[in-house]
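*Asks:* Compute the structure for the input listed below.
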Amino acid sequence: MNLSNGLTLSRLAAIPVLMALLLMRFPGHDQAAAALFILFSFTDTLDGQLARRRGTVSDLGKFLDPLADKLFVLSVLIVLVQEGLVAAWVVVLIFSRELIITILRSVGASQGRVIAAAPLGKTKTVMQMSAVTLLILQRPYPWLGPIADVAVGVAIVFTIWSGLDYVWRFRYLLGPFGSSRMAGRAGPSGGAPEPSDPASTEAEVGRELGDALRRAGLTIALAESCTGGLLGSLITDQPGSSAYFLGGVVAYSDEVKRAQLGVSTALLESVGAVSAGVAEAMAEGARSRFGAKLAISVTGIAGPDGGGLAKPVGLTYIGVASARGVSAREYRFKGDRRTNRREAAAQAMRLAIEEARALERAQAKSA
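*Replies:* Purely as a prediction, here's the structure:
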């Protein structure tokens, strides 16, 4: 338990007080309820900021935060339905969305994964809280009625949109629609065909990569950012990988990209670390640093935070450098942080296989 989690729990503690204020009848009771609702709504933003700033982000907080949001809003909406201030179907719709996401979280928890609140989900919460505030105040201030109706409509749109976003983002948890069958198919903008189950075929792909490198007489080096050494781990899981794997650089920060891989400051500032240009520079830097015949780089936004409209969570660039030149491919993975990282590493191995085979063919033609 820490301060951030305490703020989250305060929203739960405020629920009975809010419900009582809405049901009681005395001068200013609605205004008091609205003020209390706004006050505790701010804790939704404050708890996350404190957790990130103090480095106290925890699985408990990731679980409690969205749960407190749901109960805080839904409990007030239920009272507003009883008071005739909002239609019951609105609450049913919101509740149905929250139930689906809760089931999704439960499935994730059963697999040892915590689904944190997504950016769109937080926007949905802000829209719902704004609508609830206006619904409360429309009773003492009837002129707010039309504005409250519009706010409810906007909140409904974001509720549906964010629900679909969650289901799509974490569809790998839902059996036949899992990422093992769908994420690779939907995500990349290019590359070789992918096996049906990344989790179960990583060893197979690793063996295939080792065979391709041995046949072509190639050595390989890596430059990893978002995968954090995962790609190197998968490659070195194979017995005898020392025959072709030279080493790698985990360049998580821009400073390490500059100092260890020779990525220019101008390039980082102009296009950002998550870009095709930086992926290419990282791959070429690793090839030069280790004297390898083939180098692979990975840079991306694994999530759950850090994404935006221009560069969403899951956006990944994989660079390839060899005697044939330097290139990078863009991928958009749709899972959680763990899945996005594994998808990126698996796809990087497939691109390495593709390049090794191309180099082998080129050698055969020149022989």
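*Asks:* Show me which positions of the helix or strand that residue 345 is a member of end up buried.
*Replies:* Assigned by DSSP states H and E, residue 345 belongs to helix 337-366. In terms of neighbour count (16 or more other CB atoms under 10 Å), helix 337-366 has its buried residues at 337, 339-353, 355-356, 359-360. C-beta coordinates here come from the backbone N, C-alpha and C atoms, glycine included.
*Asks:* Would you map the strands across the protein?
*Replies:* 220-224, 245-250, 294-300, 315-322, 325-332 (DSSP state E).
*Asks:* wait, isn't residue 328 in contact with residue 320?
*Replies:* Yes - shown here, residue 328 and residue 320 form a contact pair, counting by CB atoms under 8 Å, at 7.3 Å.
*Asks:* Neighbour count: the two, which is higher?
*Replies:* residue 320 (25 against 21; other CB atoms under 10 Å).
*Asks:* ok, now which ones touch that one?
*Replies:* Residue 320 makes contact with 283, 294, 295, 296, 297, 326, 327, 328, 329, 351, 352, 355 under the criterion CB atoms under 8 Å, 6 or more residues apart in numbering.
*Asks:* so the fifth one makes contact with residue 283?
*Replies:* Yes - the pair residue 297 and residue 283 qualifies as a contact (CB under 8 Å) at a distance of 3.9 Å.
*Asks:* For the two, list the residues in contact with both.
*Replies:* Common contact partners of residue 297 and residue 283 (CB under 8 Å, 6+ apart): 223, 319, 320, 321, 328.
*Asks:* Looking at those residues, spot the one nearest residue 274.
*Replies:* residue 328 (11.0 Å; CB to CB).
*Asks:* returning to what we had before: please say which of residue 297 and residue 283 ends up with more neighbours.
*Replies:* Per other CB under 10 Å, whichever of residue 297 and residue 283 has more neighbours is residue 297, with 35 against 30.
*Asks:* What score does residue 2 have for pLDDT?
*Replies:* In this model, residue 2 is scored at 71, pLDDT.
*Asks:* Then residue 178?
*Replies:* Value for residue 178, per-residue pLDDT: 41.
*Asks:* Next one: residue 331 from residue 338, what distance?
*Replies:* 16 Å (CB to CB, to the nearest Å).
*Asks:* Please apply the same query to residue 128.
*Replies:* Distance from residue 128 to residue 338, by CB to CB: 29 Å.
*Asks:* now swap in residue 158 and tell me
*Replies:* Residue 158 is 27 Å from residue 338, where distance means CB to CB.
*Asks:* Including mean pLDDT and distance to residue 272, could the strands of the chain go into a markdown table?
*Replies:* Shown next, in a markdown table, are the strands of the chain (pLDDT from 0 to 100; distance: least, CB to CB, whole Å):
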| stretch | mean pLDDT | distance to residue 272 |
| --- | --- | --- |
| strand 220-224 | 97 | 16 |
| strand 245-250 | 96 | 19 |
| strand 294-300 | 97 | 9 |
| strand 315-322 | 95 | 10 |
| strand 325-332 | 93 | 13 |
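*Asks:* need those strands in JSON lines with distance to residue 77, can you?
*Replies:* Putting those into JSON lines (distance: least, CB to CB, whole Å) gives the following:
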{"stretch": "strand 220-224", "distance to residue 77": "46"}
{"stretch": "strand 245-250", "distance to residue 77": "47"}
{"stretch": "strand 294-300", "distance to residue 77": "38"}
{"stretch": "strand 315-322", "distance to residue 77": "35"}
{"stretch": "strand 325-332", "distance to residue 77": "35"}
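*Asks:* just so I know, which of those strands lies nearest residue 235?
*Replies:* strand 245-250 (5.4 Å).
*Asks:* Just checking: what are the partner strands of that closest one?
*Replies:* The strands beside strand 245-250 in its sheet (DSSP bridges) come out as strand 220-224 (parallel).
*Asks:* Leaving out chain neighbours, which residue sits closest to residue 100?
*Replies:* Excluding the flanking residues, the one nearest residue 100 by CB to CB, 6 or more residues apart in numbering is residue 163, at 6.3 Å.
*Asks:* Give the burial count for the one you found, as a bare number.
*Replies:* Residues contacting residue 163 under the criterion other CB under 10 Å number 21.
*Asks:* List the buried residues of stretch 80-100.
*Replies:* Buried-residue list, stretch 80-100, by 16+ other CB under 10 Å: 80, 81, 85, 86, 90, 91, 93, 94, 97, 98.
*Asks:* wait, what's in contact with residue 224?
*Replies:* Contacts for residue 224 were tallied using CB under 8 Å, 6+ apart; they are 230, 231, 232, 248, 249, 250, 251, 297, 298.
*Asks:* possible to save those residues as TSV with distance to residue 365?
*Replies:* Output for the contacts of residue 224, formatted as TSV (distance: CB to CB, whole Å):
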residue	distance to residue 365
230	35
231	29
232	31
248	30
249	32
250	36
251	35
297	27
298	30
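*Asks:* List only buried entries from the residues you listed.
*Replies:* Buried among these by 16+ other CB under 10 Å: 230, 231, 232, 248, 249, 250, 251, 297, 298.
*Asks:* Just give me the closest of those to residue 219.
*Replies:* residue 248 (12.0 Å).
*Asks:* Who does the closest one form a beta bridge with?
*Replies:* With DSSP bridges as the rule, residue 248 is bridged to residue 222.
*Asks:* hang on, it packs against residue 233?
*Replies:* No - taking CB under 8 Å as the definition, residue 248 is not a contact partner of residue 233, at 9.8 Å.
*Asks:* This completes my enquiry, with thanks.
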